[in-house]
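>>> here is my input; please provide its structure:
(chains A and B)
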Amino acid sequence: MNANYNKGILLIELVISSALILLVFVSLFFLQSQLLRIKQDGISKTKATYYAEEAMEAIRYIREHDPDAWAAISIIPVSQDRWIQLSGNQWSFVSSSPGLLESTYDRRVRFEKVYRVADFDDPICGSAQGAGCNYDDPGSRRVIVQVTWAGGTAGVTLETIITDWQGLL
Amino acid sequence: MKYTRGFTLLELLTYVSILALIIGTVTFFVMNIIRNEGEFADRVRMTDEADFAMRRIIDEVRASILIHTAPTSTFNAGGNSSVLALLQGPSTITFYAADAGGGRYELRMMDSVTSATAVLTSPRVSVDGFALTCVSNAGTCGDDPKAARITITLRDLDTQQTQTLVSGAMPRGF
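Predicted structure coming up:
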């Protein structure tokens, strides 16, 4: 019989095998902590989405009930950030940040032009003028609401088109 | 013979002490993770519950004709004392409010001020806040509410953690 088979295990082998087992555990714990991070992201996303929805509702409210109605929206230069503020029971736009929501979420709104093929009742064809996309519709705006947190590394964006439907009546 | 010598006592002691050190460190992290996990699970569950209630209420506001000014509707109230009244048909008013029941507050949907048709929160949480802020261009906001900012705060009855969701909604008017 070969003497190698009954030599037992060496200390170094024991150390290496325990290190391997520990490595497996450590990876599992690492995975677990990543899962917690993802869950935390989920919570933040839920909160941020509701804040973004509030901003969308506020913009609709301004269009319907603000004394300036559509002009309150169309006067805002495109591609410029605005913030929504609720003060004196009114939702309105402000041009500088009123501070982070819950000291965490930055919510900003911006408007982009809407181009239609040739007239106000044509289909929308983009946010920039181009061939076959010539009508800069003054009664439509693309609304982009962005809620960001963690220093802007995470965010939720809602986008829609809003129109001056009352102006068309 | 060299191959059959086994471990010396010193080797064994060194190994065991290194192992103890490693296991100690790992246990510390594991306990930390287990604690966080429980806390997170509660927070996720509460967020889900608040999400469910908020989604339901926002959808109902948007689908309603207007926010009703029935004597029971209460705006700009803090805590859980707000009552949201929605006109949902020519004579159908639905109420949303936090009401005390079983030593806690639950968020209820009611077809009258006293009769609950649905409960939107589970027995594991209490409603710490159901607050409405009136939004309107009318002189007295509460006389003609056009929209509302809604704040829902839930508290876990085991861990006492709270979770708050804030959003706003405007009736579409048809």
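>>> do any residues in stretch B:20-29 lie close to chain A?
Yes: interface with chain A: stretch B:20-29 contributes B:I22, B:V26, B:F29 (C-beta under 8 Å from any C-beta of the partner chain). Heads up, the C-betas are built off the backbone N, CA and C, glycines and all.
>>> quick one: which of these is nearest to B:I65?
B:F29 (56.4 Å; C-beta to C-beta).
>>> in what helix or strand does that closest one lie?
Under the criterion of DSSP states H and E, B:F29 resides in helix B:9-63.
>>> now for that helix, which elements pack on it?
The contact analysis (3 or more C-beta pairs under 8 Å, 6 or more residues apart in numbering or on different chains; DSSP states H and E) places helix B:9-63 against helix A:11-65, strand B:83-89, strand B:92-101, strand B:147-156, strand B:162-169.
>>> for the residue positioned nearest the centre of chain B, what are its contacts?
Centroid-nearest residue in chain B: B:A50, 3.4 Å away (criterion: C-alpha atoms, centre = their mean). Residues near B:A50 by C-beta atoms under 8 Å, 6 or more residues apart in numbering or on different chains: B:I152, B:T153, B:L154, B:Q163, B:T164, B:L165.
>>> PyMOL command to pick out the buried ones of these?
Those of the contacts of B:A50 that count as buried under 16 or more other C-beta atoms under 10 Å in any protein chain shown are selected in PyMOL with:
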select buried, chain B and resi 152+153+154+163+164+165
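>>> return only those of the contacts of B:A50 found close to chain A.
B:Q163, B:T164, B:L165.
>>> may I see the buried residues of the least confident helix or strand in chain B by mean pLDDT?
The helix or strand of chain B with the poorest confidence is strand B:116-119; it has a mean of 84 (mean pLDDT, DSSP states H and E). Within strand B:116-119, the residues that count as buried by 16+ other C-beta under 10 Å are B:A116.
>>> now the element after that strand, going C-ward?
Trace forward from strand B:116-119 with DSSP H and E and the next one is strand B:125-135.
>>> got the angle between that next one and helix B:9-63?
Relative orientation of strand B:125-135 versus helix B:9-63 (axes from the mean of the first three to the mean of the last three C-alpha atoms, to 10 degrees): 40 degrees.
>>> hang on, B:S136 packs against B:K146?
Yes: under the criterion of C-beta atoms under 8 Å, B:S136 makes contact with B:K146 at 4.5 Å.
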